[in-house]
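Student: Coordinates for the following, if possible.
(2 chains)
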Amino acid sequence: MLSAFVGVLRRDLRLAMRQRGVLVHHLLFALLVIVLFPMGTDADSAMLVTIAPALLWITVLLTSLLSLQRLFRPDYEDGTLEQFLLSPEPLPIIALARVVAHWLVSGLVFVLISPLLALLLDVPAQAIPVIIFSLLLGTPTLGFIGAIGTALTLSLPRAGLLLSLLIFPLYVPVLIFGAGAIRAALTGLPYEAPLYLLGALLTLALTCAPWAIAAALRISLE
Amino acid sequence: MPRWMHKLASPPYFYRTSGKLAPWLAWPGVVLMLCGLYAGLVLAPPDYQQGDAFRIIYIHVPSAWLSLMGYSALATTGFIALVWRLKLAEIAVIAIAPVGASFTFLALVTGSIWGKPMWGAWWVWDARLTSELILLFLYLSVIALHNAIESPRTAARASSLLALVGVINVPIIHYSVVWWKTLHQGSTVFRMDGPSIETAMLVPLLIAALGFTLLFGWLVLWRLRVLLLWRERRSRWVQRVLAHG
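Tutor: As a prediction, this is how the structure comes out:
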């Protein structure tokens, strides 16, 4: 079981490393959203700090939606996914490995560049650790929820819009607690509680979502 | 599964039985709803603070209850459809979803109309309003997914799974939004220390709620019958039903 997990993880990471361009595209997309936003306003720095928590998290949600297109679809189209379903290894473990690999190349990278994005929005330095922690705890949950939606819409050729309708309502708690933690840190309030709740959501997603993803994959491929 | 459930799950038997059951839901539903609304809109005393404006409660609260009850029913039938693969449960998922979505929409609209004189705004980012709005999106996503997938069985199973994922999230979404902010008045009917609402106001509310619930059941049942006929349109029993009425 562990070997299946490690095997799938290494395969996915190697594939992602061979297509580094895609990774760069996602980062550029996030950067552009953040850069374009102040241009639509008068870029007053006090106002930018006020909206920074929401803006950072909305950017995360949008980037996550885009990157989900690469989670199962290429493997669905070339038939690899059917082989995964036929394999004797438990499908939830395979699904877990795929979501973890996907998070390492999309979510984690976003976490790493988030200080830069925060600087663009003029966020004070003391809030940056909270931004990093909230993203570290929140982005994997987005990956798990998104994977369920992606697996359900696999058989549809152009599922982008439908996917957003499916997963954005489910993203709401992560958005509230994630942006809430940053907002609390910016206003000097205690920010631990929303971070703990993000951790609780991650635990729930980690334990339940792999089974839901596996069930969704079986429905889409039956 | 017990034997009567097997029997009930057979489409021709269900079609006959539900046809006999339907008027028993529809007529009491209409009568109770009209009685409840008359008692609430005319007989009940005006509120000491909100005057006559509070009377929209007799539509708003039953719709809001049914929006949540409908989602629970959706998730329950979704679970049955996924586990036992009953064709009837698969059809029930898409029979319930639009009705539940309509009641959610009704709750949102009446809440908005109520909010204008009370809070001075059509829409406020209050916890209950926001979670009700997200509930509407959850309903719409189940319907959209069902419509997008062509094969009816796959569509039913996919939207069942989505409804189940959604039902785990409904309490989480609700509490996350409650902690975010709250302006809506607290619950006045279901409380540990008994209802805090005046009996003369409460009784019409309960009557109206019961009437709404029966009508909800009737709408779902009727949709279920029609969808069942369409899904089984090539089978012999449907031909017989259509020929002999």
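Student: Report the buried residues of the helix with the most length in chain A.
Tutor: Secondary structure of chain A read by DSSP state H shows that its longest helix is helix A:192-221. Neighbour-count burial for helix A:192-221 flags A:194-195, A:197-199, A:201-202, A:204-205, A:209-210, A:212-217, A:219-221 (criterion: 16 or more other C-beta atoms under 10 Å in any protein chain shown). Every residue, glycine included, has its C-beta placed from N, CA and C.
Student: Now it: average pLDDT?
Tutor: For helix A:192-221, mean pLDDT rounds to 93.
Student: what's that helix packed up against?
Tutor: Packing partners of helix A:192-221 (3 or more C-beta pairs under 8 Å, 6 or more residues apart in numbering or on different chains; DSSP states H and E): helix A:80-86, helix A:91-105, helix A:128-152, helix A:160-186, helix B:152-180.
Student: Now do it against helix A:128-152, angle only.
Tutor: Helix A:192-221 and helix A:128-152 meet at an angle of 20 degrees, taking axes from the mean of the first three to the mean of the last three C-alpha atoms, to 10 degrees as the criterion.
Student: got the angle for helix A:192-221 vs helix A:91-105?
Tutor: Going by the same axes, to 10 degrees, helix A:192-221 makes 120 degrees with helix A:91-105.
Student: could you give the angle of helix A:192-221 to helix B:152-180?
Tutor: Using the same axes, to 10 degrees, helix A:192-221 lies at 170 degrees relative to helix B:152-180.
Student: Dump the helices and strands packed on helix A:192-221 into JSON lines; add distance to residue B:42 as well.
Tutor: Putting the helices and strands packed on helix A:192-221 into JSON lines (distance: least, C-beta to C-beta, whole Å) gives the following:
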{"stretch": "helix A:80-86", "distance to residue B:42": "62"}
{"stretch": "helix A:91-105", "distance to residue B:42": "58"}
{"stretch": "helix A:128-152", "distance to residue B:42": "48"}
{"stretch": "helix A:160-186", "distance to residue B:42": "39"}
{"stretch": "helix B:152-180", "distance to residue B:42": "34"}
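Student: Just name the most buried of those.
Tutor: helix A:128-152 (a mean of 25; mean count of other C-beta atoms under 10 Å in any protein chain shown).
Student: Residue B:32 and residue B:50, how far apart?
Tutor: Distance of residue B:32 to residue B:50, computed by C-beta to C-beta, to the nearest Å: 25 Å.
Student: What of residue B:17?
Tutor: Residue B:17 is 45 Å from residue B:50, by C-beta to C-beta.
Student: Run through the helices of chain B in chain order.
Tutor: Chain-ordered helices for chain B, with DSSP H as the definition, fall at B:3-9, B:11-38, B:57-84, B:87-119, B:127-148, B:152-180, B:199-231, B:236-244.
Student: can you tell which of those helices is closest to residue A:43?
Tutor: Checking the helices of chain B against residue A:43 by C-beta to C-beta gives helix B:152-180 as the closest, at 27.4 Å.
Student: helices or strands next to that closest one in the packing?
Tutor: helix A:128-152, helix A:160-186, helix A:192-221, helix B:57-84, helix B:87-119, helix B:127-148.
Student: how about TSV for those helices, with distance to residue B:212 added?
Tutor: Output for the helices and strands packed on helix B:152-180, formatted as TSV (distance: least, C-beta to C-beta, whole Å):
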stretch	distance to residue B:212
helix A:128-152	32
helix A:160-186	25
helix A:192-221	33
helix B:57-84	4
helix B:87-119	8
helix B:127-148	16
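Student: When residue B:32 and residue B:50 are compared, which one has more neighbours?
Tutor: Legend: neighbour count by other C-beta atoms under 10 Å in any protein chain shown for residue B:32 and residue B:50, higher for residue B:32 (20 against 15).
Student: for stretch A:103-115, which positions count as buried?
Tutor: Those would be A:103, A:104, A:105, A:106, A:107, A:109, A:110, A:111, A:114, for stretch A:103-115 by 16+ other C-beta under 10 Å.
Student: can these go into TSV with extra columns for distance to chain B and pLDDT?
Tutor: Below are the buried residues of stretch A:103-115 laid out as TSV (distance: C-beta to the nearest C-beta, whole Å; pLDDT from 0 to 100):
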residue	distance to chain B	pLDDT
A:103	19	94
A:104	24	93
A:105	25	90
A:106	21	89
A:107	20	89
A:109	27	88
A:110	22	90
A:111	22	92
A:114	22	92
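Student: Show me which residues of chain B sit near chain A.
Tutor: Within chain B, the residues that sit near chain A (C-beta under 8 Å from any C-beta of the partner chain) are B:82, B:134, B:137-138, B:140-141, B:144-145, B:148-149, B:154, B:157-158, B:161-162, B:164-166, B:168-169, B:172-173, B:176-177, B:179-180.
Student: hmm, try it at 7 Å
Tutor: By C-beta under 7 Å from any C-beta of the partner chain, the part of chain B that sits against chain A consists of B:134, B:137-138, B:140-141, B:144-145, B:148-149, B:154, B:157-158, B:161-162, B:165, B:169, B:172-173, B:176-177, B:180.
Student: before we move on, back to that, distance between the longest helix of chain A and the chain's centre?
Tutor: From the chain centre to the centre of helix A:192-221 is a distance of 12 Å (C-alpha atoms, centre = their mean, to the nearest Å).
Student: Turn the helices of chain B into TSV, including mean pLDDT.
Tutor: Shown next, in TSV, are those (pLDDT from 0 to 100):
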stretch	mean pLDDT
helix B:3-9	75
helix B:11-38	88
helix B:57-84	92
helix B:87-119	91
helix B:127-148	91
helix B:152-180	87
helix B:199-231	90
helix B:236-244	84
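Student: can you redo the ones you listed as CSV with distance to residue A:85?
Tutor: Shown next, in CSV, are the helices of chain B (distance: least, C-beta to C-beta, whole Å):
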stretch, distance to residue A:85
helix B:3-9, 29
helix B:11-38, 31
helix B:57-84, 17
helix B:87-119, 22
helix B:127-148, 21
helix B:152-180, 15
helix B:199-231, 27
helix B:236-244, 35
